[in-house]
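*Asks:* build the 3D model from these lines:
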Amino acid sequence: MATIAIPETADQNAVPTWIKDAVTRMEAEMVATHGESSRQRARRGLSQVAEFWRDSDSDQSAFEEFVRLHFAASPAAVDALFQRFEILFEQLDGHMHEIYRTFREQLDLDLGPVLPVDEMFGGYYPGAHMTDDMFDNKLGFVVLLNFPLTTLEERTKNAEQRSRREWAEIRLAQRFDKRIPAWVNQAVTQAEAVSGRYISEYNIWMHHLLNGDESDNRLFPAKMRLLSHWGLRDEIKSNYRAAEHGLRKQRMIQRVMEQIIQQSIPKAVINNPAVDWNPFTNAVTPTTVKDWDDVVPSKSSNTNEREPDTRYAMLLKTFHAAAKADPYSPTAPTHIARRFDEDREIPETRVKAMLEQVLMSPLMGRVAAVIKSRLGRPLEPFDIWYSGFRPASPHSDDELNQIVARRYPDPLAYEKDIPNLLRKLGFSAQRAQYLASKISVDPARGSGHAMSAGMRSEKAHLRTRVAKTGMDYQSFNVAAHEMGHNVEQVFSLNDVDSTLMRGVPNTSFTEAFAFLFQGHDLELLDLPAPDARSKAEKILNDFWATCEISAVALVDMAVWHWMYDHRDATPAELKQAVIQIAKDTWNRFYAPVFGIRDVILLAVYSHMIDTFLYLPDYPIGHLISFQIEEQMEKAGSIGPEFERMATMGRLTPDLWMTKATGKPVGAEALLAATEKSLDAVTRD
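*Replies:* Numbers count the residues shown, from 1 in each chain. Okay, here's the model as predicted:
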């Protein structure tokens, strides 16, 4: 892995001593030249430019000449400037993103062996220098001179009174609200690439898990390779309907998860089918069963050597990379602040309050009682992933796998079927074909993900995992989720009125659209649509899933605060902190319901390691998804409402949600519907 050249001093260029006098002089000159009506805009623009100008940018004379040349005094001049930036930034962003996507393909897609050079390409982002270059060549200063920077408080105050053009100008200026050096951006990209590869290749070969019972020593089928944590979690879910050994499989997977979290997992068993492993005793032995054809098994001189806290070393790398931006972000001086105040545009305190509102609801205990009654046993820790509320299917998991494999033997088959899938979700034939024409499906190396386009001439990319025997049901479920992302991405780029407004308010909103599609996966397979009872059960499922991911998100948030408080921590120290935070979170919210203390499963999520405080987007997405789906049910169809919402662009979250559903973002709708559904289910 190539290293980043870091300057000897973080900020070699101080704010010029002459800047204050120059700003005063130029404000007076602009007013004298363009009239009193220009004073407010000139004062704001000069102040914004002065905040980021450095001695290395130019001397006072050149600064003043720059202002004279680039201040757009008339509405017509502002319009021309706005349109130029809108057109050219789409091209710039789009081509940079296209290069980045191409450079990462060998890492992201199942295209064969990854060479050391592929990690270098994947860790390189050609746009890392873009903002730096635009400050150097003064384009960034042109934007700051003519368009408004705003705080989160300013954006949310009277948000509904702003015009679409005003919102687009705000988003344009936000591109230059901090001056982060290119070497910092490159460090973040490299950390993403390294941690992403680590996570994408963290597979467990399930047929090689032994439980010590000679009569049925191998509980899982041959060739089953599950990615942590996604595949392991989904296998727990699927075994609630298993005909035999379901509970034993779930307990074994829980133990595997615990070994991963504690880093007591033997290094030799990670992504390696050449050994057998008993996760209860931690014994590792050479396998006597060969069930692989397309991988090269790992070799280890010491098969019992544990993974040396690599999981937490990766997390520290992502933290230290993100924290390099702190000195250059005066209005959001930590990665935590940037993720909530800038990326999500919902303050952390409010997000935490919403998540705790769900977890502290008495409904959690009532739903847990229903689960316990249905299982006919006390709850166990892995029951946070209970999936028994999902609509019952007449098909077993094996039958579902066969149905999916027949339809989708490869990614291209799924791509060709996208128009048909979208029509089932209520999109017209014309709109379904339009959307499909802008989505490309690729074979994922990991569990799957969606990658948007950066310009209208490019396609969005749906990455899904497809085995040589065809897609299985779990992969189809993930693909439905990613298709929701892609459809939002297509609409919010291609059909929004300004590309400067492209996207949605934050990642939680695109997750909400993805959850919406994912929740209709059985219908996409032409299986029976849910009746009233099934809909009530689905709401209970959504509530239970929101509880689980809310607790996981709170762990992620607390871990980032711990890392900021312990910047010099070792991987071993971080491991102990994460485990304790997971226990504390469990004990606060789940122990009163489960009657079990000190469970660590809330720390298993792979997102925590490689996605830079991304996990809170999921529970917020669940809440938003419920509000969106409720609105679509009122409207009677997903397609048209999806398009209406996705083309509103990047407004603030509450404004977007109010326009979409009539109410701001919140947990109240889900809680009210859960109580109603719980009454209906328990009454029957």
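
*Asks:* show me the shaky parts of the stretch 101-250 of the chain.
*Replies:* The stretch 101-250 of the chain contains residues with pLDDT under 70 at 213-216.

*Asks:* CA atoms of stretch 544-560 as PDB?
*Replies:* C-alpha atoms of stretch 544-560 as PDB (Å, rounded to 0.1, in the frame of the first residue of the first chain):
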ATOM      1  CA  TRP A 544     -38.100  -5.300  16.000                       C
ATOM      2  CA  ALA A 545     -35.500  -4.700  13.300                       C
ATOM      3  CA  THR A 546     -35.500  -1.000  14.100                       C
ATOM      4  CA  CYS A 547     -34.900  -1.800  17.800                       C
ATOM      5  CA  GLU A 548     -31.900  -4.000  16.900                       C
ATOM      6  CA  ILE A 549     -30.200  -1.600  14.500                       C
ATOM      7  CA  SER A 550     -30.900   1.400  16.800                       C
ATOM      8  CA  ALA A 551     -28.900  -0.400  19.500                       C
ATOM      9  CA  VAL A 552     -26.200  -1.200  17.000                       C
ATOM     10  CA  ALA A 553     -26.100   2.500  15.900                       C
ATOM     11  CA  LEU A 554     -25.800   3.700  19.500                       C
ATOM     12  CA  VAL A 555     -22.800   1.400  19.900                       C
ATOM     13  CA  ASP A 556     -21.200   2.800  16.800                       C
ATOM     14  CA  MET A 557     -21.800   6.400  18.000                       C
ATOM     15  CA  ALA A 558     -20.400   5.600  21.400                       C
ATOM     16  CA  VAL A 559     -17.300   4.000  19.900                       C
ATOM     17  CA  TRP A 560     -16.500   7.000  17.900                       C
END
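
*Asks:* how far off centre is that stretch?
*Replies:* 14 Å (C-alpha atoms, centre = their mean, to the nearest Å).

*Asks:* avg pLDDT for that stretch?
*Replies:* Averaged across stretch 544-560, pLDDT comes to 98.

*Asks:* again with stretch 69-76
*Replies:* 96.

*Asks:* quote the end-to-end distance of that stretch.
*Replies:* The stretch stretch 69-76 measures 15 Å between its terminal residues, going by C-alpha to C-alpha, to the nearest Å.

*Asks:* list the buried ones in that stretch?
*Replies:* 70, 71, 72, 73 (16 or more other C-beta atoms under 10 Å). In short, each C-beta sits where N, CA and C put it, glycine included.

*Asks:* ok, the third one touching residue 146?
*Replies:* Yes: between residue 72 and residue 146 a contact is recorded at 4.9 Å, counting by C-beta atoms under 8 Å.

*Asks:* for those two, list the residues in contact with both.
*Replies:* 78, 81 (C-beta atoms under 8 Å, 6 or more residues apart in numbering).

*Asks:* could you check how far residue 336 is from residue 140?
*Replies:* 25 Å (C-beta to C-beta, to the nearest Å).

*Asks:* would you map the helices across the stretch 551-684 of the chain?
*Replies:* In the stretch 551-684 of the chain, the helices defined using DSSP state H, counting those that start in this stretch lie at 571-589, 591-594, 607-610, 617-635, 638-646, 653-661, 668-683.

*Asks:* what's the closest of the ones you listed to residue 469?
*Replies:* Closest of these to residue 469 is helix 607-610, at 28.0 Å (criterion: C-beta to C-beta).
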